[in-house]
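Colleague: Turn this into a model:
(one chain, ligands or ions: 1)
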Amino acid sequence: MKYKIKQGDKVDLNKWDPNEISEWSGDKKKAKEKLLELNKKLEQLQELLYAQHKHKILIILQAMDTGGKDGVVRAVFEGVNPSGVRVASFKVPTQDEIDHDYLWRIHKYTPGSGEIVIFNRSHYEDVLVVRVHQLVSKDVWEKRYEHINAFEKMLTDEGTLILKFFLHISNEEQKERLLERQTIPEKQWKFSNGDLNERKLWSEYQAAYEDALQKTSTDCSPWYVIPSNRNWYRNLMIATILVKALESLKMEYPKPIDGIEKIVIQ
Ligand code: ADP
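Modeller: From the prediction side, this is the model:
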C-alpha cells in the first residue's frame, strides 16, 4: 500500500498530496457503495475476532485539527457491533495524569483479546502538542520516540495488531473547514478559538508530525499517511487497509464442543 511509511523512510509531508485519489478509479458515488461493502465485511470480521478471542486490534488516529478523526470513527465503523469496539479519546491530561509518566493513562485503554480499540488522539500527543508548546523540555520529549517504539513492540509481541493513521489535510483545507465551523449553525459548536491559535503553529506541527512518523513507523507498528482532503477517499482508504489487515490474520471460529451435532435440545 503506497500510503504506508516503511521503517527508516524519511518523511517530508510536502511530498504527500492530501488531494490525491489515485488508489480509486471510480467516482465518489461508487466509493460510497464500496465503503458500505467494506463496512459489512468489517462487521463480520469483528464478530470473528470476538469469537476467536485471540487477537487485539489497536487503531490510532492522529490529525491536525479538523482532520476528520471523528468522521473516520463514524463512517468506517458504521454497522459494526458497538459492543466489540471501544473509542478512547485523549484530551488535555488531568493533574493526576500529568503526575505520572505519559504512557500511564494510555496503557489501560489498550485492547484486550477479541477487542478493537480506536485511539482518537493518543500517546503521540506527547511528542506533538507537548513538543510544539514546549510543555516539557527537548531532552525529555526526544527520548519518547524510543519509549513509544518499545511500548508498541511490547503490545504487538503480546498479540496486538497496531495500525496508525495520520489523516493528512492541507493548510487551505483546514481553513475551509474552520470557516464551515464558523458559519454553519450545526457545526458552530465545534468552533474554538484554541483551534485558531493552533493553526498559527501549522509548520511547527507539521515538523513534529514528520519526526514522529519517521521515527515511529516500524514493521510491527506502521504509520499510514492518508490523503484526507476528501472525506470519502479518506474513509475508503482506511476501511480498505483495515479489512485487509484483519483478513490477513486468517481468523477462524473456535471449534464447537465435542458431539454438538448429537445434542438434543428438548
Ligand atoms: P478533538 O480535537 O480531538 O476532537 P478536543 O477539541 O477536546 O478534541 O481537543 C483535545 C485537546 O487535548 C487537543 O488540543 C490536544 O492537543 C490536547 N491533548 C491531548 N493529549 C494531550 C497531552 N498529552 N498533552 C497536552 N495536550 C493534550
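
Colleague: Buried residues in the helix or strand encompassing Leu42, which are they?
Modeller: Taking DSSP states H and E as the definition, Leu42 sits inside helix 28-52. Neighbour counts over helix 28-52 (16 or more other Cβ atoms under 10 Å) mark 31, 34-35, 38-39, 41-43, 45-50 as buried. All C-beta atoms are positioned from the backbone trio N, CA, C, and that covers glycine.

Colleague: same deal with stretch 203-220?
Modeller: Using 16+ other Cβ under 10 Å as the burial criterion, the residues of stretch 203-220 that qualify are 205-206, 208-218.

Colleague: which ones are touching the closest residue to the ligand within the chain?
Modeller: Taking Cβ to the nearest ligand atom, the ligand has its nearest neighbour within the chain at Glu125, 3.3 Å off. The contact partners of Glu125, by Cβ atoms under 8 Å, 6 or more residues apart in numbering, come to Phe90.

Colleague: Need the three-state assignment for it.
Modeller: Secondary structure assignment for Glu125 (DSSP: H, G, I helix; E, B strand; the rest coil): helix.

Colleague: Next, find the distance separating it from Tyr209.
Modeller: Remark: distance between Glu125 and Tyr209 (Cβ to Cβ, to the nearest Å) = 11 Å.

Colleague: What of Leu103?
Modeller: Look at Leu103 and Tyr209: by Cβ to Cβ, they are 20 Å apart.

Colleague: what does Val117 give?
Modeller: Taking Cβ to Cβ, one finds Val117 at 22 Å from Tyr209.

Colleague: related to what we said a few turns ago, for the helix holding Leu42, name the packing helices and strands.
Modeller: Packing partners of helix 28-52 (3 or more Cβ pairs under 8 Å, 6 or more residues apart in numbering; DSSP states H and E): helix 69-76, helix 231-247.

Colleague: quick one: buried residues of the last one?
Modeller: It stands for helix 231-247. Neighbour-count burial for helix 231-247 flags 232-243, 245-246 (criterion: 16+ other Cβ under 10 Å).

Colleague: residues from this protein in reach of the ligand?
Modeller: By the rule Cβ under 6 Å from any ligand atom, the part of the chain lying against the ligand is Asp65, Phe90, Lys91, Val92, Pro93, Asn120, Arg121, Glu125, Asp126, Val129, Val130.

Colleague: Skip the chain neighbours and tell me the closest residue to the second one.
Modeller: Sequence neighbours aside, Arg121 is the residue nearest to Phe90 in space, at 4.3 Å (criterion: Cβ to Cβ, 6 or more residues apart in numbering).

Colleague: where do the strands sit along the stretch 151-266 of the chain?
Modeller: Applying DSSP state E, counting those that start in this stretch to the stretch 151-266 of the chain gives strands spanning 160-168, 223-227.

Colleague: chain center to the first one, what's the gap?
Modeller: Between the mean C-alpha point of strand 160-168 and the mean C-alpha point of its chain there is a distance of 4 Å (Cα atoms, centre = their mean, to the nearest Å).

Colleague: Please apply the same query to the shortest one.
Modeller: Between the mean C-alpha point of strand 223-227 and the mean C-alpha point of its chain there is a distance of 10 Å (Cα atoms, centre = their mean).

Colleague: After the helix holding Leu42, which helix or strand is next? Please name it.
Modeller: Of the helices and strands lying after helix 28-52 in sequence (DSSP H and E), the nearest is strand 56-63.

Colleague: who touches that next one?
Modeller: Contacts for strand 56-63 (Cβ under 8 Å, 6+ apart): 49, 69, 72-73, 110-122, 124, 128, 155, 158-169, 209, 228, 242, 246.

Colleague: and if you look at stretch 74-89?
Modeller: Applying Cβ under 8 Å, 6+ apart, the set of residues contacting stretch 74-89 from outside is 35, 38-40, 42-43, 46-47, 49-50, 73, 109, 111, 114-121, 231, 235, 238-239, 242.
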